[in-house]
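Trainee: Okay, structure incoming, though there's no sequence with it:
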């Protein structure tokens, strides 16, 4: 029996209505003490956010948002104070959040979204690590001498806290490789400048997650943004290698550019005070694995040539004294170690036009820069001729 045109129309309307209801996502909740304050819902991409909607919290503390989704997406629920709740919403979810104005973003409960709960756990764990690191740094500030045995314990505690957080993040990625919450885990930071997975070698985790998500969520904007960011990171890495090559092949440059930078004791050490020796000025950072490795390879060369008038003036582009000193002590760098502890606002790297780490400048006994970015046997050959 044929269906009438009217019945077909009704069926189409029902199907469309059902499909729309499945893609409509609702976020409701309660903010105790937040009445008349503004809440903003923002969509979070890998590197940027965009405002979706904003509402006033009702007198009873309740609020409500509705948005339409085709794929799971990351969102931020931002309170008027700037505190946020991170969400990973899927089409059709009905999420409920309970919090207070005083603890918005930290002390909240959430139902209706398993992935948003996963992100809450990620944020909660990182907040605990941040609090621990802050307490360790406060303890370090109370110790007068950097050579105190207590300082060694503090540096070890700081290092262990960093290691544990990174292991937690990596374990989460391994266990949740097909979840879009893994994208959020990839980009978590200790502070605005320090990502948990910030070393060059960590790019492997980004690639592995992207490969998995391209199979499970190929149309998600998060998946596409992640892949685009990986391509950007790889291009930057290749550019860095290229710059290093160009510097090592650059024409000889004369004239030492003098620097005066504090050492770990706070005593200022001038580069010009070393004139008469052959000096290797090397730029590195405790958070840059390749530059740390380059210094480790310099140790045997330093031990061989130091007594004959060879000195290393190692400038760390850091902003955290504990991390810097911990890297020096752990790796037993015995040469002159200095740092302005103001990166990225350091002056030394600007004066020497340092665009990549590691970077080195070889200075002869007369104070002239004679070569750049020499390593291994090539550096030894130069030293044999200069010393």
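Mentor: Now that the structure is in, tell me what you want to look at. Keep in mind that this is a model prediction, so the values were computed, not measured.

Trainee: what does stretch 331-343 rub up against?
Mentor: For stretch 331-343, the external contacting residues (C-beta atoms under 8 Å, 6 or more residues apart in numbering) are 261-264, 269, 274, 285, 292, 295-296, 299, 302, 306, 311-321, 324, 327-328, 346-349. No exception for glycine: its C-beta is placed from N, CA and C like everyone else's.

Trainee: Report the buried members of those residues.
Mentor: Buried residues within these, defined by neighbour count using 16 or more other C-beta atoms under 10 Å: 261, 264, 269, 274, 285, 292, 295, 302, 311-321, 324, 327-328, 346, 348-349.

Trainee: Just the ones in strands from those residues, please.
Mentor: Cross-referencing the buried ones among the contacts of stretch 331-343 against strands under DSSP state E gives 261, 269, 311-316.

Trainee: Next, the distance between the ends of stretch 300-316.
Mentor: 20 Å (C-alpha to C-alpha, to the nearest Å).

Trainee: avg pLDDT for that stretch?
Mentor: Stretch 300-316 comes out with an average pLDDT of 95.

Trainee: show me where the stretch 51-200 of the chain has helices.
Mentor: Applying DSSP state H, counting those that start in this stretch to the stretch 51-200 of the chain gives helices spanning 114-141, 149-175, 181-186.

Trainee: Adding mean neighbour count, write those helices out as JSON lines.
Mentor: Output for those, formatted as JSON lines (neighbours: other C-beta atoms under 10 Å):
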{"stretch": "helix 114-141", "mean neighbour count": "16"}
{"stretch": "helix 149-175", "mean neighbour count": "16"}
{"stretch": "helix 181-186", "mean neighbour count": "24"}
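
Trainee: Spatially central residue for this protein, please.
Mentor: residue 195 (1.6 Å; C-alpha atoms, centre = their mean).

Trainee: Which pLDDT value belongs to that residue?
Mentor: 90.

Trainee: List the residues that contact it.
Mentor: Contacts of residue 195 (C-beta under 8 Å, 6+ apart): 187-189.

Trainee: what's the answer for residue 291, then?
Mentor: Residue 291 touches 283-285, 357-358, counting by C-beta under 8 Å, 6+ apart.

Trainee: One more pass at 7 Å, please.
Mentor: For residue 291, the contacting residues are 284-285, 357-358, by C-beta atoms under 7 Å, 6 or more residues apart in numbering.

Trainee: Kindly report the same for residue 213.
Mentor: Counting by C-beta under 7 Å, 6+ apart, residue 213 has contacts 178, 180, 220, 223, 226.
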